[in-house]
Every structure is written in C-alpha cells, then in structure tokens.
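Asks: Quick one, what's the 3D model for this:
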Amino acid sequence: MTEIDQLLGKSLSKARERVGMTPGELGRRARLSEATVTAFEEGRRRATALQLFEIADCLDVPVEGLFDWAERPVPQVDATGAAFGSGTEALAEHYAALSRSHRAAIYAFLLALGRD
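Replies: Next up, the predicted model:
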C-alpha cells in the first residue's frame, strides 16, 4: 500500500481512539470485521469510498475530516490551547472539530436566535 494508505490509517485509528471505540466495536458498527478495521488502520488495506463514509458516520465525523492531514496545516495554538489567527478562522476551526450532533445543535440555536 502507499503512504496515503498509511496516513489515512493513522487518521482512522486516532478518530476511533478519540471516541473510545475498539477496532472490533467500530467493525461491528460499520459492518466490517475487526481484522479489516485493523488492516485499514495499519495501512495494509485500502478502504472503499462507501466504507470510509460508513466508518466516518460511525465515528460521528465528516468523511473529509479523515483527510485533514492532506489539506490543512495543524492549527497553531497558544499556551491556553486557543487557536491563533483571525477570530473567524479560529471559530471555523473549532466548529469543524465539533461532532455532527453538536454542530446541528449550534445551528438550531442560531436559527432560533434569528427568529426574534
């Protein structure tokens, strides 16, 4: 496999660990075997687009979030952990890091504010 498979595998592993799932649990949820998930994470096997979307959904991340290493530099942070940059850029970075359900709740809240 390629370096891209290795990088994607590391990203999958980090995303899975971030939500506290084992490879077996992710496999069950995504209808894959534990061995398949492990092979993806180790870069020994390439996931199909459909499998990546299913995995991302199980991990509650957007599929493009699994490829953050390919497009975005790692955000610079200060000693408090706050992102450097303009307020809009920092806000967008923090918003993108939220789970889908949290983004939906924020969106609903903002819509409700606009109705007044």
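Asks: pLDDT below threshold where in the protein?
Replies: 69-91, 114-116 (pLDDT under 70).
Asks: tally of neighbours for residue 104?
Replies: 11 (other C-beta atoms under 10 Å). For every residue, glycine as well, the C-beta is placed using N, CA and C.
Asks: Could you check how far it is from residue 110?
Replies: For residue 104, the distance to residue 110 equals 11 Å [C-beta to C-beta, to the nearest Å].
Asks: just residue 65 next, same as before
Replies: Residue 65 is 21 Å from residue 110, by C-beta to C-beta.
Asks: Looking at the two now, which is surrounded by more residues?
Replies: Neighbour comparison, residue 65 and residue 110: the larger count goes to residue 65, with 15 against 9 (by other C-beta under 10 Å).
Asks: Tell me where the chain has helices.
Replies: Applying DSSP state H to the chain gives helices spanning 3-18, 23-29, 34-41, 49-59, 68-71, 87-97, 100-114.
Asks: dump the residue contacts of the closest residue to residue 18 other than its chain neighbours.
Replies: Using C-beta to C-beta, 6 or more residues apart in numbering and skipping the chain neighbours, the partner closest in space to residue 18 is residue 59 (7.9 Å). Contacts here follow C-beta atoms under 8 Å, 6 or more residues apart in numbering; on that basis residue 59 touches 15, 16, 18, 19, 21, 26.
Asks: Between which two of the residues you listed is the distance greatest?
Replies: Maximum pairwise distance in the contacts of residue 59, criterion C-beta to C-beta, is 11.7 Å, between 18 and 26.
Asks: what about those two, which has more around it?
Replies: Between residue 18 and residue 26, counting by other C-beta under 10 Å, residue 26 is the more crowded of the two (25 against 11).
Asks: who touches that one in this structure?
Replies: Residue 26 neighbours (C-beta under 8 Å, 6+ apart): 16, 32, 37, 55, 58, 59.
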